[in-house]
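Colleague: no FASTA, just this:
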């Protein structure tokens with residue numbers, strides 16, 4: 001008994017795969033990642049509480065290298081806004097056990113007593129809000145590149 005089969009289109013498939021070599025460095029995908037980072041930056045900024053506007057104005061995108069973008073800030077108090085402080089802070093992050101503390105507010109021009117602040121979670125919620133849309137857009141871009149490789 002003999003079994004045989006024929007695989008039609010194998011040569012074309014191999015040629016298509018050859019044309020897709022280097023897709024992980026494709027500038028079109030990198031550009032789409034940048035658009036995605038901008039969408040996430042916008043979502044994070046929209047969720048950032050505003051007192052002076054300093055934190056919101058200093059949330060930026062850094063294009064670290066090809067295919068690597070970050071949405072970040074260099075504001076030293078950003079983590080306190082993200083995770084909250086004191087007894088009101090996110091319980092998954094270590095916080096002070098002090099019940100209250102006093103600080104001087106330049107904005108209010110007086111001393112203020114606080115029991116902490118609730119977390120804003122602007123970075124984590126911003127990512128949650130946008131990641132599916134960003135990934136869908138990147139997937140669509142990859143599909144276009146794959147289709148184009150099949151036509152050559």
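Modeller: Right, received. Where do you want to start? Model, not experiment: these values are computed from the prediction.
Colleague: Could you tell me which residues within stretch 52-67 count as buried?
Modeller: Across stretch 52-67, burial judged by 16 or more other Cβ atoms under 10 Å covers 55-56, 59. Bear in mind the C-beta positions are built from the backbone N, C-alpha and C, glycine included.
Colleague: so how far is the longest helix along the chain off the chain centroid?
Modeller: Secondary structure assigned by DSSP state H gives helix 122-151 as the longest helix of the chain. Centroid separation for helix 122-151 versus its chain: 12 Å, with Cα atoms, centre = their mean, to the nearest Å.
Colleague: just stretch 104-120 next, same as before
Modeller: With Cα atoms, centre = their mean, you get 29 Å for stretch 104-120.
Colleague: what's that stretch in contact with?
Modeller: 47-49, 51-52, 80-90, 95, 99-103 (Cβ atoms under 8 Å, 6 or more residues apart in numbering).
Colleague: In PyMOL, how would I select just the buried ones from these?
Modeller: Selection of buried members from the contacts of stretch 104-120 for PyMOL, criterion 16+ other Cβ under 10 Å:
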select buried, resi 47+48+80+81+82+83+84+85+86+89+95
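Colleague: packing partners for the longest helix of the chain?
Modeller: Helix 122-151 is packed against helix 10-19, helix 27-47, helix 78-83, with contacts defined by 3 or more Cβ pairs under 8 Å, 6 or more residues apart in numbering; DSSP states H and E.
Colleague: tell me what the longest one is packed against?
Modeller: With contacts defined as 3+ Cβ pairs under 8 Å, 6+ apart, the packing partners of helix 27-47 are strand 59-65, strand 68-73, helix 122-151.
Colleague: I'd like the ones you listed as CSV, with mean pLDDT appended.
Modeller: Shown next, in CSV, are those (pLDDT from 0 to 100):
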stretch, mean pLDDT
strand 59-65, 96
strand 68-73, 96
helix 122-151, 93
